[in-house]
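Undergrad: Sequence and predicted structure, then a few things I'm wondering about:
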Amino acid sequence: MSKIVSIAGPKHSWKRTIALLVAKKLGYRLFDRALLYRAAVIICRQENIFADEVDRVNRFLPYAVGRIDVQEGNVFIDGHNAMARISPPRINSATKRMMKNQQVAYVLADLQKKFAENTPGLVAYWDGHIQCVFDEPKLRVFLDRNVQARAEYFHAYLIRSRIHRPFPQVLEELKLSDCQYRELGYYPDVSPPGVHRLNCNGITIDAIVEKIVALVRST
């Protein structure tokens, strides 16, 4: 089984960007759970099957899942990049509905294990350390970045996207989303056993990536 690196952190803590850079640096494969669900949406849409049509999805997907591949943020169906075929808002909405289908989760778990067969390692990222469908991760990392910095980053993104949302509202939303970590055992300066907590405040993404790569190589 491939070595598995699990990167977790609160919203807007650069998880995906860091996971992608770590995977490239190590020659590992990026495990993107949300992207796999988007792939399921796209391949079903090609047959005019929609996420809400649970019975049709459950009958079709087990036979079609072998045609799916995901690489660095793109979905490939039968070897062709399929991401441009559906507008992102529609994909995102349908993906959320597809994630509620437990049968799809089982089908995609088998696909994920297949992806792990021919790679030296996998880098997975989560909003929390959710149990991986593979073995227990060999290295678990939590990105500790303060809520004020994350709120400023996300608010700037919203402004660039011409989306109006007052900064106090953004900050409050992130504070509320952080409450889940108390339930998972994360406190201001404490993490669950076996988790490497990285202080990401005041340092660059490249520096964070180098720290994680060093941890992987020493594990």
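TA: Structure's in. What do you need? Remember, it's a predicted structure, so these values are computed and weren't measured experimentally.
Undergrad: tell me the strands in this protein, going along the chain?
TA: 3-8, 29-31, 68-71, 74-77, 80-81, 121-126, 139-144, 195-199 (DSSP state E).
Undergrad: Tabulate these in a markdown table, adding columns for mean neighbour count and mean pLDDT.
TA: Just so you know, the C-beta spots here come from the backbone N, C-alpha and C atoms, and that holds for glycine as well. Listed next are the strands of the chain as a markdown table, based on neighbours: other Cβ atoms under 10 Å; pLDDT from 0 to 100:
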| stretch | mean neighbour count | mean pLDDT |
| --- | --- | --- |
| strand 3-8 | 23 | 84 |
| strand 29-31 | 22 | 80 |
| strand 68-71 | 18 | 80 |
| strand 74-77 | 18 | 82 |
| strand 80-81 | 10 | 86 |
| strand 121-126 | 23 | 78 |
| strand 139-144 | 22 | 88 |
| strand 195-199 | 17 | 88 |
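Undergrad: Quick check: H12 touching V147?
TA: No. Taking contacts as Cβ atoms under 8 Å, H12 lies outside contact range of V147: 9.2 Å.
Undergrad: which residues do the two both contact?
TA: L174 (Cβ atoms under 8 Å, 6 or more residues apart in numbering).
Undergrad: Need the per-residue pLDDT for N48.
TA: Predicted confidence (pLDDT) for N48: 93.
Undergrad: sorry, back to before: columns distance to N92 on top of the strands of the chain, output as CSV?
TA: Below are the strands of the chain laid out as CSV (distance: least, Cβ to Cβ, whole Å):
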stretch, distance to N92
strand 3-8, 21
strand 29-31, 19
strand 68-71, 16
strand 74-77, 13
strand 80-81, 18
strand 121-126, 17
strand 139-144, 23
strand 195-199, 29
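Undergrad: and Q169, which of those is closest to it?
TA: Smallest distance to Q169 across the strands of the chain (Cβ to Cβ): 23.4 Å, for strand 139-144.
Undergrad: next one: that closest one to chain centre, how far?
TA: Distance, stretch centre to chain centre, for strand 139-144: 14 Å (Cα atoms, centre = their mean, to the nearest Å).
Undergrad: Kindly report the same for stretch 148-168.
TA: The chain centre lies 21 Å from the centre of stretch 148-168; the measure is Cα atoms, centre = their mean.
Undergrad: who touches it?
TA: P10, K11, H12, S13, V170, L171, L174, N201.
Undergrad: Sort out for me which of those are in helices.
TA: Mapping the contacts of stretch 148-168 onto helices (DSSP state H) picks out V170, L171, L174.
Undergrad: Give the single residue among those residues positioned nearest to G79.
TA: The shortest approach to G79 among the ones in helices among the contacts of stretch 148-168 belongs to L174, at 39.7 Å (Cβ to Cβ).
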